[in-house]
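Undergrad: coords please:
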Amino acid sequence: MKKSFVFFGVLLGLFLIFIGIFNPDKKQKLSDDIVALVDNHPILKSDLDLALKALSMNKDNQITSEQIQLVKDRLIDEQLLLQRGIDLDLHQTSNPIRKLIVNSMIDSILSENNDFLIDDKNLKKFYNDNISFFLPSKELRLKLIFLKFRSQEEDEKRLDTIRERLINVDDFDTVSREEGDEFLPKIPDTLLPERKLKDYIDPNLVKNAFNLEDGQITSEIETDKGYSFLYLVESEKGEPLPFESMRDKIRGEYKRRKDEEALLNYIEWLRKKYDIIYNESIDE
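TA: This next block holds a predicted model:
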């Protein structure tokens, strides 16, 4: 429990530095919202209330004045440790602490950004403006002729035979059966989305397949297992789904983009607020 108090206090204090509460030139007077001052830095009543609330959850009886004083002392101890950490420049020299501060700042920025109402009117406009993003994935009905690696001479001879038969518009399945090697697992003879096709064939083949037109056959494509000819029998584009069935997904993407925009805007503001000097003598 004591370790968690110390950790929480260190993290909270370091975060407060960034929002300007810690300022050695600013004298503060005790007020109703300040429990104590430690080297002119405040222990806030809100922090005390939060700690007492956590303590009361594990207590059946009312918290005593002695326990309240003990919590106050712990908060002061944490502030003393925090101040010593700042004096030792730990927020600059300790990578874990730096990461905690950065993550806390990001959480704070995003939590402020969430203080707005996302209504259906905005979501519907966002959906219509970005309809291609929300379309179901394109599906392909794909066939394949596969040749295992053998000798270079034999491979070239077999490839020439397959090329000639395909140019002569021989039936693709017949050519595959008579000239190709068995390929497992077999691709189901049905429309499949990209993620499902990757369960059956090399991702590079899937990428090539999505660049084909219906009815098109590729020349041989080399992979680490052998040579493949692809035949796109047919494809089906995704159709827009009703807004109601997509609301949660639309809302999530809308919020993600707003969060990203808020963070980028905040960083841009910081870049203008603080001086940044690059050492041009260091090669990038």
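Undergrad: CA atoms for contacts and neighbours, from now on please.
TA: OK.
Undergrad: What is the neighbour count of the closest residue to residue 106 other than its chain neighbours?
TA: Leaving aside its chain neighbours, residue 106 sits nearest to residue 263 (7.3 Å; criterion: CA to CA, 6 or more residues apart in numbering). Residue 263 has 18 neighbours, counted by other CA atoms under 10 Å.
Undergrad: Residue 76 contacts residue 41, correct?
TA: No - in this structure residue 76 lies outside contact range of residue 41 using CA atoms under 8 Å: 10.2 Å.
Undergrad: in the stretch 51-200 of the chain, which ranges drop under the pLDDT threshold?
TA: Applying pLDDT under 70 to the stretch 51-200 of the chain flags residues 59-60, 114-116.
Undergrad: mind redoing it with 90?
TA: Scanning the stretch 51-200 of the chain for pLDDT under 90 picks out the ranges 51-120, 131-138, 184-185, 194.
Undergrad: can you pull out the helices in it?
TA: 65-87, 90-93, 95-113, 120-129, 131-134, 152-167, 172-179, 194-197 (DSSP state H, counting those that start in this stretch).
Undergrad: Now do the fourth one: everything it contacts.
TA: Helix 120-129 has contacts (CA atoms under 8 Å, 6 or more residues apart in numbering) with 134, 243, 247, 250, 251, 254.
Undergrad: okay, the helices of the stretch 51-200 of the chain in a markdown table with mean neighbour count and distance to residue 46 next?
TA: A markdown table is the format used below for the helices of the stretch 51-200 of the chain (neighbours: other CA atoms under 10 Å; distance: least, CA to CA, whole Å):
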| stretch | mean neighbour count | distance to residue 46 |
| --- | --- | --- |
| helix 65-87 | 16 | 12 |
| helix 90-93 | 15 | 24 |
| helix 95-113 | 15 | 17 |
| helix 120-129 | 14 | 36 |
| helix 131-134 | 14 | 44 |
| helix 152-167 | 13 | 77 |
| helix 172-179 | 15 | 74 |
| helix 194-197 | 16 | 50 |
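Undergrad: In contact with residue 133, which residues?
TA: Contacts of residue 133 by CA under 8 Å, 6+ apart: none found.
Undergrad: and the helices of the stretch 51-200 of the chain as a markdown table, adding distance to residue 188?
TA: Listed next are the helices of the stretch 51-200 of the chain as a markdown table, based on distance: least, CA to CA, whole Å:
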| stretch | distance to residue 188 |
| --- | --- |
| helix 65-87 | 63 |
| helix 90-93 | 57 |
| helix 95-113 | 45 |
| helix 120-129 | 33 |
| helix 131-134 | 26 |
| helix 152-167 | 22 |
| helix 172-179 | 13 |
| helix 194-197 | 9 |
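Undergrad: for these, which one sits closest to residue 143?
TA: Nearest of these to residue 143, taken as CA to CA: helix 172-179 at 8.2 Å.
Undergrad: What is the closest one packed up against?
TA: strand 139-148, helix 152-167 (3 or more CA pairs under 8 Å, 6 or more residues apart in numbering; DSSP states H and E).
Undergrad: got the contact list for that helix?
TA: For helix 172-179, contacts defined as CA under 8 Å, 6+ apart pick out 144, 145, 146, 158, 162, 165, 166, 231.
Undergrad: For the third one, list each beta-bridge partner.
TA: The one in question is residue 146. Under DSSP bridges, the beta-bridge partners of residue 146 are residue 228.
Undergrad: Quick check: it touching residue 231?
TA: No - applying CA under 8 Å, one finds residue 146 not in contact with residue 231, separated by 11.6 Å.
Undergrad: so for stretch 210-226, what's the average pLDDT?
TA: Mean per-residue pLDDT for stretch 210-226: 92.
Undergrad: Show me what counts as buried in it.
TA: By neighbour count with 16 or more other CA atoms under 10 Å, stretch 210-226 contains the buried residues 212, 214, 217, 218, 220.
Undergrad: With stretch 260-279 instead?
TA: Buried-residue list, stretch 260-279, by 16+ other CA under 10 Å: 262, 263.
Undergrad: Would you list the phi and psi of residue 202?
TA: Backbone torsions of residue 202, given as degrees, to the nearest 10, read phi -60, psi 140.
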